[in-house]
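Chemist: When you get a sec, could you give me coordinates for this:
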Amino acid sequence: MKSDLRLPSWREICEILKIPLTPEDAVVRKCGVIYIICRFHREKTPSLKFWEESGGFQCFGCGWRGDKIKFIAHELGIEDTRDDSGPPDPALLEIIRRGMRDRADPAQLLFNNLAEKK
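Modeler: Numbers count the residues shown, from 1 in each chain. Okay, the predicted model is just below:
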């Protein structure tokens, strides 16, 4: 069962969570693929890849992987106990929505990156 929640793009997630996309910290390709320095282990070369189509990510250094909700929850310090295929708990989504809203700039709030589909 798919959630009605529209999650922001990986680029928007990085902007909201203040994850640098500078040449020293990330590789951003014209096709939309983004590699960043993994947030889960120490490294010098970006090895964590985001896939926009599937909404997934994987670190090719440590193997950490998941979806946008798992990544956002980790960045906000929230435990995501579901397995990779499980639908997100509505309570978890609300906590993530509030956490993203608290970190977002006013202009991003107006855009409402985490608005539910109408």
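Chemist: Flag the shaky bits of this protein, pLDDT-wise.
Modeler: Scanning the chain for pLDDT under 70 picks out the ranges 1-5, 83-86, 104-118.
Chemist: List the contacts of the closest residue to residue 18 other than its chain neighbours.
Modeler: Nearest residue to residue 18, sequence neighbours excluded (C-beta to C-beta, 6 or more residues apart in numbering): residue 103, at 7.2 Å. C-beta here means a position set from N, CA and C on the backbone, and glycine is covered the same way. Residues in contact with residue 103 (C-beta atoms under 8 Å, 6 or more residues apart in numbering) are 16-18, 76.
Chemist: Tell me the most packed of those, by neighbour count.
Modeler: Within those, residue 16 tops the neighbour count with 22 neighbours, counted by other C-beta atoms under 10 Å.
Chemist: Give me the distance between that residue and residue 9.
Modeler: Separation of residue 16 from residue 9 (C-beta to C-beta, to the nearest Å) stands at 10 Å.
Chemist: can you check residue 66 too?
Modeler: Separation of residue 66 from residue 9 (C-beta to C-beta) stands at 16 Å.
Chemist: who has more neighbours, these two?
Modeler: More neighbours surround residue 66 than the other of residue 66 and residue 9, with 18 against 15 (other C-beta under 10 Å).
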